[in-house]
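Q: Can you look at this prediction? I've put the sequence above it.
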There are 2 protein chains.
Amino acid sequence: MRYAVLGTGMVGQALARKLRALGHEVAMGAREMGNEKARAFAAETGGEAMDFARAARFGDVVINATSGAHALEALNQAGAENLAGKVLIDISNALDFSQKPPVLSLANTDSLGEAIQRAFPEALVVKTLCTVNANVMVDPARLPGEHVIFLSGNDADAKKSVREMLAGFGWREIIDLGPIESARAQEMMMPMWLRLWGHLGTLDFNWMLTRRSD
Amino acid sequence: MRYAVLGTGMVGQALARKLRALGHEVAMGAREMGNEKARAFAAETGGEAMDFARAARFGDVVINATSGAHALEALNQAGAENLAGKVLIDISNALDFSQKPPVLSLANTDSLGEAIQRAFPEALVVKTLCTVNANVMVDPARLPGEHVIFLSGNDADAKKSVREMLAGFGWREIIDLGPIESARAQEMMMPMWLRLWGHLGTLDFNWMLTRRSD
């Protein structure tokens, strides 16, 4: 499978390197050709360094790992024609850091996942991985227990493909929340995640579920 | 300790009956004197049935167990003078059921917990218990594992008092998220809770946390 990872930050690096380590062809997309972090990724892993549009064209699956504030702009640069008909995995959080504590720029009656699906109606958007730190995303086994990750999206085949990618990372408890509107539920976990980061003093945590067994 | 439980629905009944079972004096407050559900509570448990204002006057601790949409109105009926200086536990969720799926009437940049604290600045507001079903609230042992409940509030002594009440219910993992602004984090879990209800097919669930141990 050919993956395009848009974004060169911690999340993009973690995902692109994990996908390479699993043997996939991976292009890291940056705003501009020649981006140093994308070139470092390519040099160190044998992957590709491209701009957003070339990377999106390259990928069978496109992963938006840009910051939430710049996600729509980055995807516009990637180009609707390069996203059409493809699985578009959105893992970004629309955090507005101008307020303390940070708030979401979309919430409650909308979500970034939905906004991306509206902006690119021919892409098969799946929201996932936005509820954990980058290290946990690509290596869930670093935490004990059957902890959970979520899927939201309108296309069953697209969610199946993302589920397989997540299983490849080691995820076992993958919960399909429903259509892309359920991205709200995932994205609205962020304020709690930020508070728990403060409380626990680590980014290395996640949720498990308990339920009554009878 | 004398508790006032404002609200006669499932949540109010569960809390008032649990507090009575633990030996506390409890008044259930209703919009009007003579409310049948409040009278049934009183008759069956030896507690008191009152209107909101009388109940709030009676309680050393006042629990808002009304529906989120009516919380501020109910507390206005209870009267600022009857809430001043008291621990005011808010467990309501500001759900707007006119939309499907339901949305929050306050979220992201505000919360019902904060709105109540602003409206009643002399009350010591503590947000808690809004992340679980009524049965789990008062009997956490019905679920296996070290599952969690949260506290948000500005007053350390008030949070200590609420922590003791929760410990009396059987809660062991009680996480202090910070000041009342952190009520946003609790309240914004509701969309995920609703999705998980659909996914799991039960109300009898809750969150546990896992973290890296090294």
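A: Alright, I've got the coordinates.
Q: For residue A:95, which non-adjacent residue is spatially closest?
A: Using C-beta to C-beta, 6 or more residues apart in numbering or on different chains and skipping the chain neighbours, the partner closest in space to residue A:95 is residue A:102 (4.7 Å). (Each C-beta comes from the backbone N, C-alpha and C, glycine too.)
Q: go on, residue A:46?
A: Nearest non-adjacent residue to residue A:46, counting by C-beta to C-beta, 6+ apart: residue A:20, 6.9 Å away.
Q: just residue A:83 next, same as before
A: Nearest to residue A:83 is residue A:123, by C-beta to C-beta, 6+ apart, at 4.2 Å.
Q: The one you found and residue A:82 touch, don't they?
A: No. Residue A:123 is not in contact with residue A:82 according to C-beta atoms under 8 Å; the separation is 9.5 Å.
Q: list residues touching both of these two?
A: residue A:62 (C-beta atoms under 8 Å, 6 or more residues apart in numbering or on different chains).
Q: Give me the more crowded residue out of these two.
A: Taking other C-beta atoms under 10 Å in any protein chain shown, residue A:123 and residue A:82 do not tie; residue A:123 has more neighbours (25 against 21).
Q: Could you point out which residue ranges in chain A have low pLDDT?
A: Scanning chain A for pLDDT under 70 picks out A:214.
Q: Would you map the helices across it?
A: Remark: helices assigned in chain A by DSSP state H are A:10-21, A:36-45, A:52-58, A:71-78, A:80-83, A:112-119, A:134-138, A:156-169, A:183-187, A:190-200.
Q: Highest mean neighbour count out of these?
A: For these, average neighbour numbers computed from mean count of other C-beta atoms under 10 Å in any protein chain shown are highest in helix A:183-187, which has a mean of 29.
Q: Packing partners of it?
A: Counting contacts by 3 or more C-beta pairs under 8 Å, 6 or more residues apart in numbering or on different chains; DSSP states H and E, helix A:183-187 packs against helix A:112-119, strand A:124-128, strand A:148-153, helix B:190-200.
Q: go again using 10 Å as the cut-off
A: On a contact count with 3 or more C-beta pairs under 10 Å, 6 or more residues apart in numbering or on different chains; DSSP states H and E, helix A:183-187 meets strand A:87-90, helix A:112-119, strand A:124-128, strand A:148-153, strand A:173-178, helix B:190-200.
Q: could I have the second one exported to CSV, CA atoms only?
A: The one in question is helix A:112-119. The C-alpha coordinates for helix A:112-119 follow below in CSV (Å, rounded to 0.1, in the frame of the first residue of the first chain):
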residue,chain,number,x,y,z
LEU,A,112,-12.8,19.1,11.8
GLY,A,113,-13.5,15.6,10.5
GLU,A,114,-16.8,16.7,9.1
ALA,A,115,-15.4,20.0,7.8
ILE,A,116,-12.8,18.0,5.8
GLN,A,117,-15.5,15.6,4.5
ARG,A,118,-17.6,18.6,3.4
ALA,A,119,-14.6,20.3,1.7
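Q: and that helix with chain B, contact?
A: No. If you take C-beta under 10 Å from any C-beta of the partner chain as the test, helix A:112-119 misses chain B, and the best it gets is 12.3 Å.
Q: The first one too?
A: No. Figure legend: strand A:87-90 not in contact with chain B (C-beta under 10 Å from any C-beta); closest approach 16.9 Å.
Q: And the fifth one, by the same measure?
A: Yes. Between strand A:173-178 and chain B, judged by C-beta under 10 Å from any C-beta, the touching residues are A:175-178.
Q: Highest neighbour count among those?
A: Highest count within those by other C-beta under 10 Å belongs to residue A:177, 24 neighbours.
Q: Quick one: residues contacting the closest residue to that residue other than its chain neighbours.
A: Leaving aside its chain neighbours, residue A:177 sits nearest to residue B:195 (4.5 Å; criterion: C-beta to C-beta, 6+ apart). When contacts are counted by C-beta atoms under 10 Å, 6 or more residues apart in numbering or on different chains, residue B:195 touches A:150, A:152, A:175-178, A:181-182, A:184-186, B:101.
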